[in-house]
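[1] no sequence on this one, just coordinates:
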């Protein structure tokens with residue numbers, strides 16, 4: 001059974017920091033690209049950051065470049081999203097997403113989602 005379990009959300013003041021975690025189980029972690037998405041009330045879910053399975057290449061939405069950092073720890077099957085200089089417009093539910101990027105796998109292209117964690121930036 002595949003499970004993505006996010007944690008680390010909460011209420012923070014503008015300018016503050018949070019670190020989100022996503023523990024992945026039930027799959028071979030190294031085969032998966034990990035992404036963080038967010039969805040604000042009344043808006044579409046959007047990609048925030050991603051990190052590849054091989055090489056650990058990262059990409060970020062323009063709105064978070066220089067403030068957010070995505071990383072992964074293979075030993076812990078965990079991905080992280082370090083969020084600094086948070087703004088009220090960062091308020092959203094943040095979702096962890098895993099996509100199989102290993103072409104030799106029978107599950108290439110398979111995609112899984114976590115249940116989301118709420119981040120609220122407010123004074």
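    Done, it's in. Note that this is a predicted model, so its numbers are computed, not measured.
[2] now do the SS call for residue 44.
    Following DSSP: H, G, I helix; E, B strand; the rest coil, the label given to residue 44 is coil.
[3] and it, how far from residue 113?
    15 Å (Cβ to Cβ, to the nearest Å). For every residue, glycine as well, the C-beta is placed using N, CA and C.
[4] most centrally placed residue in the chain?
    Centroid-nearest residue in the chain, with Cα atoms, centre = their mean: residue 36, separated by 2.6 Å.
[5] tell me which helix or strand that one sits in.
    Using DSSP states H and E, residue 36 sits in strand 32-39.
[6] who are the packing partners of that strand?
    Contact partners of strand 32-39 among helices and strands, from 3 or more Cβ pairs under 8 Å, 6 or more residues apart in numbering; DSSP states H and E: strand 18-25, strand 46-51, strand 68-73, strand 78-83, strand 92-100.
[7] thinking again about what came up before, quick one: which of residue 44 and residue 113 has more around it?
    Just comparing residue 44 and residue 113: by other Cβ atoms under 10 Å the higher neighbour count belongs to residue 113, 15 against 7.
[8] give me phi/psi at that one?
    phi -130, psi 150 (degrees, to the nearest 10).
[9] ok, now which ones touch it?
    By Cβ atoms under 8 Å, 6 or more residues apart in numbering, the contact set of residue 113 is 4, 95, 96, 97.
[10] just to revisit the earlier point, tell me the contacts of the residue nearest to the centre of the chain?
    20, 22, 47-50, 70, 79, 81, 94-97.
[11] partners of residue 23 in the sheet?
    residue 5, residue 78 (DSSP bridges).
[12] now do the contacts for it.
    Residues near residue 23 by Cβ under 8 Å, 6+ apart: 3, 4, 5, 7, 76, 77, 78.
[13] and residue 38, by the same measure?
    45, 46, 48, 90, 92, 93, 94, 95, 119.
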